[in-house]
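1. take a look and give me a structure for this.
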Amino acid sequence: MKNLSSSNLKNLSLKELNNRASILKEMCLKIDPYSPLGDEEKQELLGLGIKHIDDPFRLTNELILKMEDTIEEINQRTKDLPKQLLH
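-> The predicted structure is shown next:
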């Protein structure tokens, strides 16, 4: 996955944003920030633009903020679309 800051979310397609939201959700569910991270998890987090992977508090906050930013961007783009086009 590309390293993306919140400002770069506008450059993603809706499909890419939904994929990013799915990846972030999966990471939130599978990672215990207080346990050692595997190399694959570290690479995924770095690929999401999360820099503070060794600090459990900051890691948790960054994951939540990235998820909020992604969902907000999706909502901004889809607020005026008919529901049947979103499925």
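2. quick check: which ranges of the protein have low pLDDT?
-> Scanning the chain for pLDDT under 70 picks out 1-7, 82-87.
3. which helix is the longest one in it?
-> The longest helix of the chain (DSSP state H) is helix 56-78.
4. just the buried residues of that one, please?
-> Residues of helix 56-78 classed as buried by neighbour count (16 or more other C-beta atoms under 10 Å): 59, 62-63, 66-67, 69-71, 73-74. No exception for glycine: its C-beta is placed from N, CA and C like everyone else's.
5. and if you look at stretch 29-43?
-> Neighbour-count burial for stretch 29-43, counted by 16+ other C-beta under 10 Å, picks out 31, 33, 37, 41.
6. state the pair within these that is farthest apart.
-> Pairwise distances across those peak at 10.3 Å for Pro33 and Glu41 (criterion: C-beta to C-beta).
7. point to the residue nearest the middle of the protein.
-> Nearest to the geometric centre of the chain sits Leu24, at 3.8 Å (C-alpha atoms, centre = their mean).
8. quick check: it vs Leu63, distance?
-> Distance of Leu24 to Leu63, given as C-beta to C-beta, to the nearest Å: 7 Å.
9. go on, Leu81?
-> In this structure, Leu81 and Leu63 are 27 Å apart, going by C-beta to C-beta.
10. any chance of JSON lines for the buried residues of stretch 29-43, columns secondary structure and distance to Leu17?
-> Converted to JSON lines, the buried residues of stretch 29-43 look like this (DSSP: H, G, I helix; E, B strand; the rest coil; distance: C-beta to C-beta, whole Å):
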{"residue": "Ile31", "secondary structure": "coil", "distance to Leu17": "21"}
{"residue": "Pro33", "secondary structure": "coil", "distance to Leu17": "24"}
{"residue": "Leu37", "secondary structure": "coil", "distance to Leu17": "25"}
{"residue": "Glu41", "secondary structure": "helix", "distance to Leu17": "22"}
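11. ok, these vs Asn18, which is closest?
-> For Asn18, the closest of these turns out to be Ile31, at 20.4 Å, with distances computed as C-beta to C-beta.
12. so what's that closest one closest to, chain neighbours aside?
-> Glu41 (6.1 Å; C-beta to C-beta, 6 or more residues apart in numbering).
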